[in-house]
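Participant: Sequence and computational prediction follow.
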Amino acid sequence: MFFFLSFIRVLKLLMLLIMLRVLFADPVNAQEKSDSVRTNVKLDSSKTGSIIIEPAKESENSLDTASFKVNEVKFIGYPYAFYTPETQFALGVGGMLYFRTALLPLQNPSKVTVSGYYTSNSQYYISLKPRIYLPGKKRFYLESDFYYSNDIGKFYGLGNSTSEIENSEYKTTSFGIYLETQIRGVFFKFLQNGLLFDYVNVKMEDKMGNPNLSDTSVKGINGGKVGGIGLSFSYDNRDNVSFPSSGGLYKYSMLFYGRFLASDYTYNRYKIDLRQYVSPLKEHILAFQLYSDLSTGNPPFFFMPALGGVSRMRGFYEGRYREKNFITVQAEYRKIVWWRLGFAVFYSAGDVFHNFNELRVSDVKQAYGLGLRFVFDPKEKINLRVDFGKTNAGTGVYFSMDEAF
């Protein structure tokens, strides 16, 4: 507990120093300088509205305007197969449409990702995730996630020391919508401000004899709807959103769920996501993240913060431990070795807890592993990754586009 509380205090101080540094610098010029280096697209101050395309000093950071036109759509498609203890053997297909709405400074590539898989134990998942950056100085941004799933999950009870049980499974179907819009400059020129909407309808199809789902004190044992709205605040100066090598992302969000949005449950959720990227040597990248997911009120168990998964604490089944609060830190080394092939090594530590006074250093879970990378698009730095995570409870294999964080 002392370790985490001290770590959080240090990070709060670091965030304050970063914000003060940005406030007393020229935030617009600093951001435009960062992004113009990234894209090599510069505004010509001598001619209003004109743009100069300059050769890149380093080809890996260049935006190839000769091969990438405004609103030109490119596509990546791929079949995949994986095995995890939760899904067993799975076959799927995925794809990504990506494009730029303008060849301007501050302009990130837009992406629309679609994926779906079917497993040997009859689970399936279909997802559509648009992430759109619109042109303009305000950097309007829209991210959404539409999904439908038929899941066989596992619930071991609440807490960070739950034991294995014989009948841990349960079956649900879920339909979800998540929307996030962001615009820069509402409060400060450097700060992105967002509106959030989250809605999920979970149907409990079969409790499969899970004894923990007979406990009426646990919220959500019969499924239900959750609906919430909220706000987000973020500062993002990463040199690339898909494969960053410098800069960082600092984001805080809060969501409020209640009956005003037809939610069956009333609770609040607060998230902090702090990421930093450095390159001590050329093409050697170190990535760091602090992530916390804290809840108040009475969330259903299936929406409580869950330890594990494809992005955090890789190697643990997502939901092996659940509680109202979750904190984790992770570090990763990334390197493209030859042609389009690369690897990553990662380590993470974290835990779930009901109250802060229940957090113990001796209970903190650890995970580590090795990943392989294939660069689909060198200019936009879009990677396909396969990660192998290891914990004291088992292993996990994860297949995805883009990095874990």
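Facilitator: Nice, thanks for sending it over. As the structure is a computational prediction, the values presented were derived from the model and not from experiment.

Participant: Next one: S115 from M313, what distance?
Facilitator: Look at S115 and M313: by C-beta to C-beta, to the nearest Å, they are 22 Å apart. Using the backbone N, CA and C atoms, a C-beta is placed for each residue, glycine as well.

Participant: So which of the two has more stuff around it?
Facilitator: Higher neighbour count among S115 and M313: M313, with 27 against 20, using other C-beta atoms under 10 Å.

Participant: mind checking which helix or strand the more buried one is in?
Facilitator: Assignment of secondary structure by DSSP states H and E places M313 within no helix or strand.

Participant: Relative to G389, how far out is it?
Facilitator: Note on M313: its distance to G389, by C-beta to C-beta, is 8 Å.

Participant: so what's in contact with those two at the same time?
Facilitator: Listed as contacting both M313 and G389 by C-beta atoms under 8 Å, 6 or more residues apart in numbering are A367.

Participant: surely F302 meets G153?
Facilitator: Yes - with contacts counted by C-beta atoms under 8 Å, F302 reaches G153, the gap being 7.4 Å.

Participant: Name whatever forms a beta bridge with the closest residue to P130 other than its chain neighbours.
Facilitator: Computed as C-beta to C-beta, 6 or more residues apart in numbering, the closest residue to P130 that is not its neighbour in sequence is V112, at 4.6 Å. Using DSSP bridges, the beta-bridge partners of V112 come out as L97, P130.

Participant: shared neighbours of F302 and G153, anything?
Facilitator: Shared contacts of F302 and G153 (C-beta under 8 Å, 6+ apart): T172.

Participant: Could you tell me the end-to-end distance of stretch 250-269?
Facilitator: One end of stretch 250-269 sits 17 Å from the other (C-alpha to C-alpha, to the nearest Å).

Participant: Stretch 387-402 too?
Facilitator: With C-alpha to C-alpha as the measure, stretch 387-402 spans 12 Å from end to end.

Participant: so G319 makes contact with F155?
Facilitator: Yes - taking C-beta under 8 Å as the definition, G319 is a contact partner of F155 at 7.1 Å.

Participant: quick one, which of these two is more surrounded?
Facilitator: Neighbour totals were compared for G319 and F155, and F155 leads with 24 against 20 (other C-beta under 10 Å).

Participant: Skip the chain neighbours and tell me the closest residue to that one.
Facilitator: Distances taken as C-beta to C-beta, 6+ apart place N212 nearest to F155, at 5.3 Å, with adjacent residues excluded.

Participant: count of neighbours near the one you found?
Facilitator: For N212, the neighbour count with other C-beta under 10 Å is 19.

Participant: what about it, which SS state?
Facilitator: Secondary structure state of N212, per DSSP: H, G, I helix; E, B strand; the rest coil, is helix.
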